[in-house]
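# Show me how the following folds:
(one chain, ligands or ions: 2)
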Amino acid sequence: QIYRIASIPGDGIGVDITEAALRVLATLSTTLGTFELETTTFDWSSANYLTRGHYMPEDGLTQLKAFDAIYFGAVGWPSVPDHISLWNLILPIRKALNQYVNVRPTRILAGTKSPLVGCERGDLDWVIVRENSEGEYAGQGGISHEHSDHAIGTELAIFTQVGIERIMRFAFETARSRPRKKLTMVTKSNAQRHGMVLWDRIFYEVAKGYEDVDIDKMLVDAMTVRMVLNPKSLDTIVATNLHADILSDLAAALSGSIGIAPSSNLDPTRKNPSMFEPIHGSAPDIAGKGIANPVGAFWSAAEMVRWLGEEKAADGLMRAIENVTAAGVSTKDLGGSADTKTVTDAVCKEIEKL
Ligand code: NAI
Ligand code: MG
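Numbers count the residues shown, from 1 in each chain. Ligands and ions are numbered 1, 2, ... in the order given. I've put the predicted structure just below:
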């Protein structure tokens with residue numbers, strides 16, 4: 001089976017970790033011999049935005065539609081305002097390709113440690129299901145009286161019944177597929193009294209079709225406390241675009257480092273390609289040093305291969321990653337001293353043993 005992959009390394013460490021992930025995928029494909037990847041790289045970066053005036057060309061989204069999946073590094077660089085980079089590349093892709101789900105698993109990998117005292121490997125094993133198409137990132141609003149001393153900014157969050165129902169169904173299916181069958185829904189429906197209240201209501205309506213799933217509801221502020229103090233009490237979590245964005249960085253840090261966490265931007269209808277990327281950004285503070293943790297990129301690559309239907313290859317890649325972390329080969333953010341290349345070489349070696 002041959003899969004066509006669009007690769008968008010982007011900026012900063014996005015470039016390093018994408019290169020590492022493509023090398024690991026190539027090793028996986030050669031070793032197993034069960035599938036092939038035909039990769040096309042797109043140089044849609046902040047540097048090119050500054051010279052060409054755009055991240056992707058006008059037909060960029062149409063070009064992407066021809067692929068089976070998209071592998072993304074990170075976008076954002078200090079020379080371009082972050083709302084410009086995000087809204088010219090990653091957000092249009094998620095929206096135009098109907099990637100309305102963002103799945104963000106986290107757990108403590110073999111040989112690594114949570115910064116939480118007493119939190120053992122099995123105690124933190126979560127999947128955050130993030131609404132990825134609307135909510136607080138709907139992009140609606142504006143600034144009035146902008147060039148005066150009484151400027152007003154509005155940022156409109158939009159929650160539609162269709163949008164809420166489909167993310168809830170996905171979250172319930174995810175919860176049902178996991179051993180504990182447990183789903184926690186997060187909002188801030190005490191202070192935000194419209195869209196969040198609709199979330200709550202639709203959550204309980206959809207729940208009626210999933211009586212085997214154990215449910216509960218949290219306000220997002222209290223949720224941060226529960227994640228830190230009682231990680232074991234959580235399993236699958238569903239939250240809005242903004243809340244899940246924040247909670248998933250916290251989740252990654254609690255499971256060891258933001259550098260290990262993967263994400264899948266999915267179009268569950270499979271009419272468009274889905275996109276896979278680590279949850280972290282371009283990390284300008286460590287860019288160009290060759291020390292970025294590539295594990296989140298590898299895990300994202302495993303999720304991509306799984307989505308394409310290559311379950312065995314995905315499981316093999318995860319085993320290879322954890323054999324390496326278990327052996328203590330890791331980057332500084334995980335407490336080790338290896339660089340990106342050393343970790344990548346080690347994972348490739350483990351893949352060759354599969
Ligand atoms: P960031 O995730 O890039 O970095 C936060 C901190 O975590 C930094 O100290 C960084 O060094 C560290 N870190 C991140 N990934 C790491 C890795 N793989 N290994 C080791 N350490 C790692 O978030 P920040 O600094 O807020 O954003 C930087 C840029 O990235 C901004 O332009 C932002 O807009 C963009 N961004 C892009 C995203 C995307 O493309 N999906 C997601 C998040 C941020
Ligand atoms: Mg984020």
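
# Stretch 72-90 - what's its average pLDDT?
When pLDDT is averaged over stretch 72-90, the result is 97.

# Mind listing residues that contact it?
With contact meaning C-beta atoms under 8 Å, 6 or more residues apart in numbering, stretch 72-90 is reached by 8-15, 17-18, 44-47, 49-50, 54-56, 93, 139, 275-278, 280-284, 297. Yep, even glycine has a C-beta here, placed from its N, CA and C like the rest.

# Narrow those residues to those that are buried.
Among these, those classed as buried by 16 or more other C-beta atoms under 10 Å are 8-15, 17-18, 44-46, 49, 55-56, 93, 275-278, 280-283, 297.

# shouldn't residue 144 be in contact with residue 152?
Yes: look at residue 144 against residue 152 with C-beta atoms under 8 Å: they come within range, at 5.0 Å.

# tell me the phi and psi of the residue of the stretch 1-150 of the chain found nearest ligand 1?
Of all residues in the stretch 1-150 of the chain, residue 76 sits closest to ligand 1, at 2.2 Å by C-beta to the nearest ligand atom. The phi and psi values for residue 76, taken as degrees, to the nearest 10, are phi 130, psi 130.

# do the same with residue 9
phi -70, psi -40.

# what do you get for residue 198?
The phi/psi pair for residue 198 (degrees, to the nearest 10) is phi -60, psi -40.

# Kindly report the same for residue 53.
phi 90, psi 0.

# can you list the residues of the stretch 251-354 of the chain near ligand 1?
The stretch 251-354 of the chain has residues 258-259, 277, 280-286, 292-293, 296, 331, 333 near ligand 1, with proximity defined as C-beta under 6 Å from any ligand atom.

# check contacts around residue 342.
With C-beta under 8 Å, 6+ apart, residue 342 has these contacts: residue 329.

# typo on my end, residue 228
116, 254.

# Would you mind putting the CA coordinates of whichever strand or helix holds it into PDB?
Residue 228 is located in helix 220-229, with elements delineated by DSSP states H and E. Extracted in PDB, the C-alpha atoms of helix 220-229 (Å, rounded to 0.1, in the frame of the first residue of the first chain):
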ATOM      1  CA  VAL A 220     -12.200  24.400  33.700                       C
ATOM      2  CA  ASP A 221     -10.600  26.200  36.600                       C
ATOM      3  CA  ALA A 222     -11.300  23.300  39.000                       C
ATOM      4  CA  MET A 223     -10.200  20.900  36.300                       C
ATOM      5  CA  THR A 224      -6.700  22.200  36.400                       C
ATOM      6  CA  VAL A 225      -6.600  21.500  40.100                       C
ATOM      7  CA  ARG A 226      -8.000  18.000  39.600                       C
ATOM      8  CA  MET A 227      -5.400  17.200  36.900                       C
ATOM      9  CA  VAL A 228      -2.600  18.100  39.300                       C
ATOM     10  CA  LEU A 229      -4.000  16.600  42.500                       C
END
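
# does the nearest residue to residue 66 once chain neighbours are set aside belong to a helix or a strand, and which?
Of all residues not flanking residue 66 in the chain, residue 4 sits nearest, at 7.1 Å (C-beta to C-beta, 6 or more residues apart in numbering). Element membership for residue 4 (DSSP H and E) is strand 2-10.

# Just confirm residue 272 is within a strand.
No: read with DSSP: H, G, I helix; E, B strand; the rest coil, residue 272 is coil and lies in no strand.

# What about it, how many residues nearby?
When counting by other C-beta atoms under 10 Å, one arrives at 18 neighbours for residue 272.

# So it sits against residue 94, correct?
No: Residue 272 is beyond contact range of residue 94, at 10.3 Å (criterion: C-beta under 8 Å).

# And the pLDDT at residue 251?
98.

# Select the longest helix from this structure.
helix 13-32 (DSSP state H).

# by how many degrees do the following helix or strand past that helix and strand 2-10 diverge?
The helix or strand immediately downstream of helix 13-32 is strand 36-41, counting by DSSP H and E. Calculated by axes from the mean of the first three to the mean of the last three C-alpha atoms, to 10 degrees, strand 36-41 forms an angle of 30 degrees with strand 2-10.
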